[in-house]
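Student: The following comprises the amino acid sequence and a computationally predicted model.
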Amino acid sequence: MMRLHLHLLSDSTGETLENIAKAALAQYDDVETIRHFWPMVRTEAHLERILQEISQNPGLVLFTLVNSETRRTLESRCRTLGLPAVAPLDAVTGALSGLLGQAAKARPGRQHVLDAAYFARVDAIQFTIAHDDGILAEDWEEADILLAGVSRSSKTPTSIYLANRGFKTANIPIVVESPPPESLFTLKNPIIVGLTTSADRLIQVRRNRLLSLNEMTTTAYVDQESVTREVAYARRMFADNGWPVIDVTRRSIEETAAAIIALVGERRGDMSGEP
């Protein structure tokens, strides 16, 4: 297995850079990545301390620095060390500048300005946390999205991810012995999406959950026949009500959320699906 030191330098929170690095690294197997994360790099003194660490642990340097002096210093020192220094957003901002006919503002962290969209995301997160696992059904009409599915079908983490994208998301577990409230079937505003998965995968996830809690793993919760019946019951409910269904068996949370956002866009006639 190869070992890679990855240095991430940002003059803001570094969230964008982390996501880029994560997406790129996902394309490679058998690589042990040691990440050195350096956010809020805005002074030469701070950069000097980082460069000492880079020289001691040479590797790939990725950066999002808008200050020209800081950039030049970093790039010059990396050339001296014989290390690649890549600014992954340069190509995008260069193309935008050419098309828009104006230079980028070169202001660190402009995407994190506390605007209306930021507060909308905060509101969505608060709503989503308060409406997890079938709670406060009387407020479901206020949701943008409602996720339905059997226990451990990734409803909660998907809801939180969607909330971070600005969507007010509620979710409800589908339980054979406890049918959902009738109000679920009369909702007008939220798009209701059924999450399903294979019984075998569900049993594996549930068994791991029970083991982590030091609980018995021989209950109906992980029984093959019971789980198969539970999954079939949920799928019939989704089909009977005409709800779109997403199989999460082989999907990551991000992939599931992307599919849901696409459904929202189709419903609104806006393929962006943005809230």
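Tutor: Cool, got the structure.

Student: hey, where'd the strands end up in the stretch 51-200 of the chain?
Tutor: Shown for the stretch 51-200 of the chain, the strands assigned by DSSP state E, counting those that start in this stretch span residues 60-64, 85-86, 145-149, 169-173, 191-196.

Student: Generate a markdown table for those strands, with mean neighbour count, distance to Thr218 and mean pLDDT as supplementary columns.
Tutor: For every residue, glycine as well, the C-beta is placed using N, CA and C. A markdown table is the format used below for those (neighbours: other CB atoms under 10 Å; distance: least, CB to CB, whole Å; pLDDT from 0 to 100):
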| stretch | mean neighbour count | distance to Thr218 | mean pLDDT |
| --- | --- | --- | --- |
| strand 60-64 | 22 | 49 | 95 |
| strand 85-86 | 16 | 53 | 96 |
| strand 145-149 | 26 | 24 | 97 |
| strand 169-173 | 25 | 22 | 97 |
| strand 191-196 | 22 | 25 | 97 |
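
Student: May I see those arranged in CSV, with distance to Leu100 as well?
Tutor: As requested, the strands of the stretch 51-200 of the chain are exported to CSV (distance: least, CB to CB, whole Å):
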stretch, distance to Leu100
strand 60-64, 20
strand 85-86, 24
strand 145-149, 33
strand 169-173, 34
strand 191-196, 34
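
Student: Which of these sits closest to Phe119?
Tutor: strand 169-173 (17.0 Å; CB to CB).

Student: Relative to Thr218, how far out is the residue nearest to Thr219 when sequence neighbours are not counted?
Tutor: Closest residue to Thr219 apart from its sequence neighbours, by CB to CB, 6 or more residues apart in numbering: Leu210 at 7.7 Å. Using CB to CB, to the nearest Å, Leu210 is found at 9 Å from Thr218.

Student: Longest helix in this protein, by number of residues?
Tutor: In the chain, assigned by DSSP state H, the helix with the most residues is helix 224-241.

Student: What residues of the helix or strand harbouring the residue nearest to Thr219 count as buried?
Tutor: Using DSSP states H and E, the element containing Leu210 is helix 199-212. Of the residues in helix 199-212, those buried by neighbour count under the rule 16 or more other CB atoms under 10 Å are 199, 201-203, 206.

Student: Nearest to Glu44 among those?
Tutor: For these, the nearest to Glu44 is Arg201 (52.1 Å; CB to CB).

Student: residues contacting that closest one?
Tutor: Thr249 (CB atoms under 8 Å, 6 or more residues apart in numbering).

Student: So it versus Val227, what's the distance?
Tutor: 10 Å.

Student: same question, Gly149
Tutor: 13 Å.

Student: tell me the domain ranges of the protein?
Tutor: Listed domain ranges for the chain are 2-111, 116-268 (source: automatic domain parsing).

Student: Which of those has the lowest mean pLDDT?
Tutor: Sorting the domains of the chain by mean pLDDT places domain 2-111 lowest, at a mean of 88.

Student: Run through the helices of the stretch 1-150 of the chain in chain order.
Tutor: Ranges of helices in the stretch 1-150 of the chain, per DSSP state H, counting those that start in this stretch, are 15-25, 44-56, 68-81, 90-100, 116-130.
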